[in-house]
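>>> I'll drop the sequence and a predicted model, then ask my questions.
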Amino acid sequence: MNTLVVPLILAVSATAFPPLPSWFEPGAALPDVLTMNNGTRVKDEIQWNSRRNEIKELLETYILGSAPSDIPATTITVVNKTSNRGQDLWCFRYTYSQPTNISFEIYIACPTQYTGHVPYGMFMTQWNHRAWAAGAVARGFCSCIYPACDTFDVSPLFAAAYPKASWKTMRQRAWVTSRVIDGFEEIAHHVPQISLDQISITGHSRNGKLSMIAAAFDDRITAVVGSSPGAPIASPWRFSSREYMGEGAEFVNTKRNWWALSANSFAGYEYMMPADGHFVWALIAPRRLMVATAHHDFEGDISFANEMAGESAQSVYTLLGKSMLPCHQYRPGNHHGFVNLENYLDFFTMDDTQLSQGRFCSALLHTFNWSAWNTSFTGNKTVPDPAEPALARIEWMLGPSPPEGFFAGASYCEQQSGFGYTALMMHTARGDPHPAVQVQIHGESVTRIPVAIGAYHTANIYFRQPSEKNQSSSNDGTPVILWLHPFAYNSGVAGSNTLQNSSFNGTDNEFYYEFASRGYIVVAMDMSGFGLRVTETPSDFYRRYPHSSRLSAMVNDVRSTIDFLSCRSKTAPAACVDGAHPTSAYPDMLKLIPTVDMAQIHVVGYSLGGSVALHAAALDNRVASAASFSGFTPYRGDMDAAAARRTGGVARWSTWHALLPKLNWFDKDTLPYDYDDVLRLVAPRPVLVYTPEDDRAVTLSDVKECINHSSWSSLTFVTPSGTSRFANEEMDFYGAWLKGTSLLLCCCC
């Protein structure tokens, strides 16, 4: 075995944590919203009010920064009033003399048809959502448009006036929101339509964050819709970190000033945070809260994280008699676009009876009822004898794959067939919505072709165009890399490694383009339940395939991809053609793919993808090598209570992500298989296990023990310093390792 220790230099110090409370126990699960700091369980509204104060303090200490304690006096003056097309529009100036001279203007728009109060009270949104305000007026609201957004922001004026406050941008803008509300009572003397019984607020993206924060800290706000708010407010950092291809504090704070600087130190150590975004959800209870999320949000709004936050906050809503809340609503598309303002307004206007009927809020995508699955399971429950071969024990545990059979694959023709939207969702980073588009990477022309594999699932094939300066290294064809994504629910394979580097939205190349430019064919696909397949929910999967597991389906995705590749090789099996007729609707597209070297099928994955890569290699001998980056910790060690608290334990696999439900049937003494069995099945083929010393999802000592039990000469075990990530350093390390592996394979041909 090759054991390497390599330094990994991070842009942010990973160990300089701010002081942590003595009562706090770090953990992978979200801190319980109904447990007081002293351990007392909240049982009624009186105790909850005390707990709210604790939560506010924790949020300001670890995420938001603290706001000023004093509220400045405000003078309100009318600037002007105009009327046009059924709308009265007032401009009001807010003036402050203490602690310094500050003034700004807001606009109030109301429908002229009402001589008294409008039906639905005040609708608040930020300056760059003025069109939303107009839509609200049309529905019977008075709308307030105020300057707390990127295009018009007065919060820096207040930040300068209160230099002792530790608040950052999002808390500042939320505080400005409250100062605007301070003036509503005076404004109501001028605007007869205004009713202050209902104050609703919404905003999109970063405006969604500040809207939720404002509602959490200001009880005068009666309802809020966060439109794709993202991390950490809607999507807690525990479930929107690097393993989820999410938006961590260290990425955002590089270019912006949104969160307390101490939050940066928790990057990769999210389990150490005494506060997380679900606290904001809980503070809004029992008032109306809806979080609207795009199925394929690439900018940090993670649907899985949102549902975990909502589940936590629902315990507070239930305690306070509003168990139908919070509400989730899903829409198609990416972060921007397809926003349905009318749905947001419906949420603000419907009564509790209508909301309780359950027809408005979306069905949850990721919730899995393990007890219901266990009760209804009718598959083979006869546990294999420990003496049986490891392959049989693993196959029993995973369950039978869906019986897809052998499918040679097909190509799409997106441009001609109107699949442009689907193509955009499959890959957005390079803006190539049509097939066979060439992108220049390191002076090489890289082509992407979308294809169908297995039971008509989408994959992208990337390869460089031949030129005088590059030639295939083997007469047998071109080597292939299958890239398997982490827990990137919304983005799937299109989740970019650029988020893993030091600057948010960096310019480094995505894995598939980078390695295609180096001469490999790269296959990238969304595994079951991720990316384009995010609506393949756990409940639907186990209803359709009750004897299988989602992990089995993911391994099957890899095997189906290799089937597809085999039909692009010199030794293509007979099943690749149907008599004289090609199996693909667009066979000319497939002819563009270079000939595949079936002796050089390499599988690599990060986090979830790393686990799938090892299982796929264990179950399919066509895999030439497997690389697992932060991909596993042994199940047995994860059943230890202390380890499970930090990593999430086997519940991550059996329940949270519903990948392998059978795990809950066993303890460490009865478990049918573990990763040492998986690794031994891959031997003697080359394997890379890359496990950072401070990876929060693993117990390093357990991984080391597993490796020692499975050692062979071409197993490389790397334990760099730092936390889990997959960025430029990891890509380059993999490239160097793979180059050596490929030489080894050639020597052994």
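That came through fine. Residues are numbered from 1 along each chain as shown.

>>> other SSEs contacting the helix or strand containing Met397?
According to DSSP states H and E, Met397 maps onto helix 390-398. On a contact count with 3 or more Cβ pairs under 8 Å, 6 or more residues apart in numbering; DSSP states H and E, helix 390-398 meets helix 550-566, helix 608-619, helix 675-682. Bear in mind the C-beta positions are built from the backbone N, C-alpha and C, glycine included.

>>> show me where the stretch 101-250 of the chain has helices.
Assigned by DSSP state H, counting those that start in this stretch, the stretch 101-250 of the chain shows helices spanning 130-138, 155-161, 169-182, 184-188, 206-217, 249-255.

>>> Save those helices as TSV, and put in distance to Val439 and mean pLDDT too.
Converted to TSV, those look like this (distance: least, Cβ to Cβ, whole Å; pLDDT from 0 to 100):
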stretch	distance to Val439	mean pLDDT
helix 130-138	35	95
helix 155-161	39	96
helix 169-182	35	98
helix 184-188	52	95
helix 206-217	30	98
helix 249-255	24	73
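
>>> ends of stretch 592-611, how far apart?
31 Å (Cα to Cα, to the nearest Å).

>>> how about it: buried residues?
Buried residues in stretch 592-611, defined by neighbour count with 16 or more other Cβ atoms under 10 Å: 593-611.

>>> Next: stretch 630-647.
630-639, 643-644, 646-647.

>>> that older thread, how about the helices and strands packed on helix 390-398 in JSON lines, adding distance to Asn101 and mean pLDDT?
What follows is the helices and strands packed on helix 390-398, written out as JSON lines (distance: least, Cβ to Cβ, whole Å; pLDDT from 0 to 100):
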{"stretch": "helix 550-566", "distance to Asn101": "60", "mean pLDDT": "94"}
{"stretch": "helix 608-619", "distance to Asn101": "55", "mean pLDDT": "98"}
{"stretch": "helix 675-682", "distance to Asn101": "65", "mean pLDDT": "97"}
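
>>> Can you tell me which of those is most buried?
Of all those, helix 608-619 has the most neighbours on average by mean count of other Cβ atoms under 10 Å, namely a mean of 27.

>>> Where does pLDDT dip in the stretch 601-749 of the chain?
742-749 (pLDDT under 70).

>>> Please read the previous query as pertaining to the chain.
1-15, 254-255, 404, 411-437, 467-474, 496-509, 577-588, 742-749.

>>> try 80
Applying pLDDT under 80 to the chain flags residues 1-16, 249-255, 337, 402-441, 456, 467-475, 494-509, 574-590, 741-749.

>>> just checking, what's the longest helix in it?
helix 728-747 (DSSP state H).

>>> and Leu20, which of the three is it?
Under DSSP: H, G, I helix; E, B strand; the rest coil, the three-state class of Leu20 is coil.

>>> Turn the buried residues of stretch 630-647 into TSV, including secondary structure and distance to Arg448.
As requested, these are exported to TSV (DSSP: H, G, I helix; E, B strand; the rest coil; distance: Cβ to Cβ, whole Å):
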residue	secondary structure	distance to Arg448
Ser630	coil	27
Gly631	coil	26
Phe632	coil	30
Thr633	coil	34
Pro634	coil	37
Tyr635	helix	37
Arg636	helix	42
Gly637	helix	40
Asp638	helix	38
Met639	coil	42
Ala643	helix	41
Ala644	helix	41
Arg646	helix	39
Thr647	helix	36
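
>>> hmm, back to that, just say which of the helices of the stretch 101-250 of the chain is most tucked in.
helix 206-217 (a mean of 27).

>>> so what does the longest helix of the chain touch, helix or strand wise?
helix 511-517, strand 596-606, strand 625-629, strand 687-690.

>>> how much space between the spatially most central residue of the chain and Gly277?
Centroid-nearest residue in the chain, with Cα atoms, centre = their mean: Ile302, separated by 3.5 Å. Taking Cβ to Cβ, to the nearest Å as the measure, Ile302 and Gly277 are separated by 11 Å.

>>> hey, what's in contact with both of the two?
Residues touching both Ile302 and Gly277 by Cβ atoms under 8 Å, 6 or more residues apart in numbering: 231, 235.

>>> Distance to Gly405 for the helices of the stretch 101-250 of the chain - can I get that in TSV?
Shown next, in TSV, are those (distance: least, Cβ to Cβ, whole Å):
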stretch	distance to Gly405
helix 130-138	50
helix 155-161	60
helix 169-182	52
helix 184-188	65
helix 206-217	45
helix 249-255	43
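
>>> among these, which is nearest Ala617?
Nearest to Ala617 among the helices of the stretch 101-250 of the chain is helix 249-255 (31.9 Å), distances taken as Cβ to Cβ.

>>> next structured bit after the closest one?
Next element after helix 249-255 (DSSP H and E): helix 278-284.

>>> Packing partners of that next one?
Using 3+ Cβ pairs under 8 Å, 6+ apart, helix 278-284 sits against helix 45-59, helix 206-217, helix 303-319.
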